[in-house]
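>>> what shape does this take:
(one chain, ligands or ions: 1)
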Amino acid sequence: MKKIIKKIILQITRIRYGTVIMGHHVYEENDFKDFNGVSKKMLYDYLLKNQKKIVSLDKILKKSILKFRKISITFDDGYKDIYNVVYPICKKLNIPFTIFIIVDKIDKEGFLSKEEIEEMIKSGLLTIGSHGYSHKILTDYNIDLKKEILSTKKYLEKAFDYKVDYFAFSHGQFNGKVLKEVKLANYKKSFSASYLSLSNRVIPRLNLVHFLKPSGNK
Ligand SMILES: [Zn+2]
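Numbering: from 1, shown residues only. Reported below is the predicted structural model:
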């Protein structure tokens, strides 16, 4: 029964928002490794199969009766493997993708460098969004929301000469106060880490790992 309800919710989500996928890591190895990532082969096969349906975030968010047929791929945190593994695939297949960047992690070990982000933007395939400054849980009482939400938009826009319209909540956590700050900072949309959405302003996402696992919800 639970499975059926989940399936129905997933279908409604797809009709309303399209399929927005959230990934973190993509590994070179071929076998399924952990719950933070998928293998290069799994991603490649999926992207190749759905090549024609995959669009940028700008496109999937446009009003359309064909939303349920569209897919958009996003990656959170900005790990190095997005440049090393995902970007070559997307270039080869001409597939647009999005990275939600943690501002404090740019140029840090294991994360993307400023140059790598610039190169991917120049390719015309990458959309960047903010994933906050420090990856802290935004609903915690002592969080400086302006620093996490407004300042990161300004920083990314200046650093990359790029209009930043999207924000993804770190750890998927948000409340009314957080949503208000996102609106005040002039983001067009924000993104959760769940396939359920209780607000029109928050776009639900499906986890790449659950999505691509053979037993997952396709
Ligand atoms: Zn994250």
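>>> quick check, the residue in the protein closest to the ion?
Distances between the chain and the ion by C-beta to the ion are smallest at residue 76, namely 4.0 Å. Every C-beta, even on glycine, is put in place using the N, C-alpha and C of the backbone.
>>> show me what that residue is bridged to.
Residue 76 forms beta bridges with residue 100, as assigned by DSSP bridges.
>>> next up, the contacts around it.
Contact partners of residue 76, counting by C-beta atoms under 8 Å, 6 or more residues apart in numbering, are 22, 23, 24, 99, 100, 131, 168, 193.
>>> how about the third one, nearest residue that isn't a chain neighbour?
Translated: residue 24. residue 36 (4.9 Å; C-beta to C-beta, 6 or more residues apart in numbering).
>>> what do you get for residue 107?
That would be residue 113: by C-beta to C-beta, 6+ apart, it lies 5.1 Å from residue 107.
>>> so the one you found is in contact with residue 105, correct?
No: using C-beta atoms under 8 Å as the test, residue 113 is too far from residue 105 to be in contact (10.5 Å).
>>> quick one: name the residues of this protein near the ion.
Proximity of the chain to the ion, by C-beta under 5 Å from the ion, involves residues 76, 77, 170.
>>> make it 6 Å
Selection of the chain residues close to the ion by C-beta under 6 Å from the ion yields 76, 77, 131, 135, 170.
>>> can I get the residues you listed in CSV including pLDDT and distance to residue 199?
Listed next are the residues of the chain next to the ion as CSV, based on pLDDT from 0 to 100; distance: C-beta to C-beta, whole Å:
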residue, pLDDT, distance to residue 199
76, 97, 19
77, 97, 23
131, 98, 19
135, 96, 22
170, 95, 17
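>>> CSV for those, including distance to residue 164?
Shown next, in CSV, are the residues of the chain next to the ion (distance: C-beta to C-beta, whole Å):
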residue, distance to residue 164
76, 15
77, 16
131, 11
135, 17
170, 16
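>>> done for today, thanks.
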